[in-house]
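K.L.:
3D, please:
(one chain, ligands or ions: 2)
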Amino acid sequence: MKNTMKVLFIGDIVGRSGRKILAKKWDLLKNKFNFDIVICNGENSAGGLGINAKTAEELLELGVDGITLGNHTWGQREWLSQAFHYEQICRPINSPEEWPGYDHLFIEKDQFKIIVINLLGQAFMQPVLLNPFQMIENKITYLKEKYQTKNIIIDFHAESTAEKMMMGYFLQDKVSAILGTHTHVQTADEKILGNGTGYISDVGMTGPSNGVIGMDKKIALRRVLDQLPSTYRLEKSDQVMLNAVLLTLDARAGQCIKIERIFLEEKL
Ligand SMILES: [Fe+2]
Ligand SMILES: [Fe+2]
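P.N.:
Ligands and ions are numbered 1, 2, ... in the order given. Below you'll find the model as predicted:
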């Protein structure tokens, strides 16, 4: 039985070009990295804001095994009635219990089992009900027991690098990996914490390269220059990037052996 599990985690997929580059690079990534499981953050997959059935299905049909969300979970209103249709998609675990949708993922594929959690940070973010530091430990213990696996990945969706590092040290040796998302800028600080917890402050984003975190740079600039309201739009340039990390896990111990950063960019 294979003991090494390779997990590809793809940073926030932004709009159509983000979905397109993933589809285009899928075979190349599969051949190069031979991943067992693919997880992506999909909170910006529909027009840059939120997710809906159309973009969710497009990603799942590609072969994505699990999708996490974040502060833009409800960017598309129709997701309120669609969220419970997708067991492979989870919203933040520390959001109000009444929210529709699943609060964690359990993926069982081939001989592998893995739990995936989406956790929202507090600094410079909309207020969330539960402090992520105070609530997460009990959840981890409960879920590991429930599914009888030590493989657990946290997508920590937060703005502040300091908060992400604190979460990394707080959960080291309790989970297989803590992967930051949300800033859309990939950081070069991937490492193994403790005896086997993969860590990176931010995986980055997958979508238009030449905008301001995926958005049209002229509109973004106007908002700060004139300080008059204008609606964000996706950056239109055809230069597109794909940001991800590849985790190699010891599937019995639930430990990360290796974390590799992936950054591809090209004209679509
Ligand atoms: Fe995002
Ligand atoms: Fe976000």
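
K.L.:
ok but I219 is inside a helix, no?
P.N.:
Yes - applying DSSP: H, G, I helix; E, B strand; the rest coil, one finds I219 inside a helix.

K.L.:
quick check: it touching R233?
P.N.:
Yes - counting by C-beta atoms under 8 Å, I219 does reach R233; the two are 5.6 Å apart. C-betas here are computed from N, CA, C, even on glycine.

K.L.:
so what sits against both of the two?
P.N.:
Common contact partners of I219 and R233 (C-beta atoms under 8 Å, 6 or more residues apart in numbering): none.

K.L.:
buried set for the lowest-mean-pLDDT helix or strand in the chain?
P.N.:
The helix or strand of the chain with the poorest confidence is helix 217-225; it has a mean of 88 (mean pLDDT, DSSP states H and E). In terms of neighbour count (16 or more other C-beta atoms under 10 Å), helix 217-225 has its buried residues at 219-220.

K.L.:
repeat for stretch 12-21
P.N.:
Buried, per 16+ other C-beta under 10 Å, within stretch 12-21: 12-21.

K.L.:
and what of stretch 134-148?
P.N.:
136, 139-140, 143-144, 147.

K.L.:
likewise for stretch 41-54?
P.N.:
For stretch 41-54, by 16+ other C-beta under 10 Å, it's 41-53.

K.L.:
what do you get for stretch 147-166?
P.N.:
By 16+ other C-beta under 10 Å, the buried positions in stretch 147-166 come out as 147, 149-160, 163-166.

K.L.:
picking that back up, can you name the next helix or strand after the least confident helix or strand of the chain?
P.N.:
strand 239-250 (DSSP states H and E).

K.L.:
now that following strand: average pLDDT?
P.N.:
What strand 239-250 shows for mean pLDDT is 98.

K.L.:
stretch 18-27 near ligand 1 anywhere?
P.N.:
No - Stretch 18-27 is not in contact with ligand 1 by C-beta under 5 Å from the ion; minimum separation 10.1 Å.

K.L.:
correction: stretch 86-103
P.N.:
No - Stretch 86-103 stays clear of ligand 1 (C-beta under 5 Å from the ion), getting no nearer than 12.5 Å.

K.L.:
list the buried ones in that stretch?
P.N.:
Residues of stretch 86-103 classed as buried by neighbour count (16+ other C-beta under 10 Å): 86, 88-95, 101-103.

K.L.:
in contact with E159, which residues?
P.N.:
121, 123-125, 182-183.

K.L.:
let me redo that: V175
P.N.:
So, once contact is read as C-beta under 8 Å, 6+ apart, V175 ends up touching 140, 152-154, 197, 254.

K.L.:
now, the residues you listed that are in helices?
P.N.:
Secondary-structure check on these using DSSP state H: residues within helices are I140.
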